[in-house]
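Engineer: Give me the fold of what follows.
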Amino acid sequence: MAGTRILVVEDEQDIIELIAFNLEREGFQVVKVRSGEEALAAVKTDPPDLIVLDVMLPGMNGLDVCRALRRTRATSRHSSEYEEHAFSVPPPMHPIASTLVVTSTAPHGEVPSI
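Structural biologist: This is a model prediction of the structure:
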């Protein structure tokens with residue numbers, strides 16, 4: 001876990017802080033951004049090991065971000081092994097859990113454990 005960088009993309013301040021707090025408590029390095037555009041810039045600058053991405057972002061939504069990531073050079077080294085996991089959590093689970101897409105930029109079989 002040490003050195004595993006996770007990019008958290010969430011537009012709501014309370015949610016991003018909660019997610020980051022819990023990931024940091026578990027020893028992950030967390031980078032926080034609040035928009036799809038910021039996420040793409042962060043990935044281009046320094047690709048993370050894992051992305052926690054809100055699907056319902058204003059402007060460029062999470063699915064558009066995933067599509068753009070597949071086309072970028074920063075993640076192209078893993079393009080054939082790119083992992084995307086959309087969580088669909090049935091009630092009564094918390095609704096926040098159903099809006100996250102977790103995307104790994106690590107090679108297939110080397111997805112960081114959480």
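
Engineer: Tell me the pLDDT of residue 1.
Structural biologist: Per-residue confidence (pLDDT) for residue 1: 60.

Engineer: actually residue 53, sorry about that
Structural biologist: Predicted confidence (pLDDT) for residue 53: 89.

Engineer: Ok, the one 4 residues further on next?
Structural biologist: Predicted confidence (pLDDT) for residue 57: 90.

Engineer: Would you mind listing the residues in contact with it?
Structural biologist: Neighbouring residues of residue 57 by Cβ atoms under 8 Å, 6 or more residues apart in numbering: 9, 10, 11, 35, 36, 65. Glycine gets a C-beta too; all of them are placed from N, C-alpha and C.

Engineer: who wins for neighbours among those?
Structural biologist: Comparing the contacts of residue 57 by number of neighbours (other Cβ atoms under 10 Å), residue 9 comes first, having 28 neighbours.

Engineer: re earlier: now the contacts of residue 57 in JSON lines, please, with extra columns for pLDDT, distance to residue 24 and secondary structure.
Structural biologist: Formatted as JSON lines, these follow (pLDDT from 0 to 100; distance: Cβ to Cβ, whole Å; DSSP: H, G, I helix; E, B strand; the rest coil):
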{"residue": "9", "pLDDT": "94", "distance to residue 24": "16", "secondary structure": "strand"}
{"residue": "10", "pLDDT": "94", "distance to residue 24": "15", "secondary structure": "coil"}
{"residue": "11", "pLDDT": "94", "distance to residue 24": "20", "secondary structure": "coil"}
{"residue": "35", "pLDDT": "96", "distance to residue 24": "21", "secondary structure": "coil"}
{"residue": "36", "pLDDT": "95", "distance to residue 24": "23", "secondary structure": "helix"}
{"residue": "65", "pLDDT": "90", "distance to residue 24": "22", "secondary structure": "helix"}
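
Engineer: With distance to residue 44 as added columns, please give these in CSV.
Structural biologist: Listed next are the contacts of residue 57 as CSV, based on distance: Cβ to Cβ, whole Å:
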residue, distance to residue 44
9, 14
10, 19
11, 20
35, 14
36, 13
65, 12
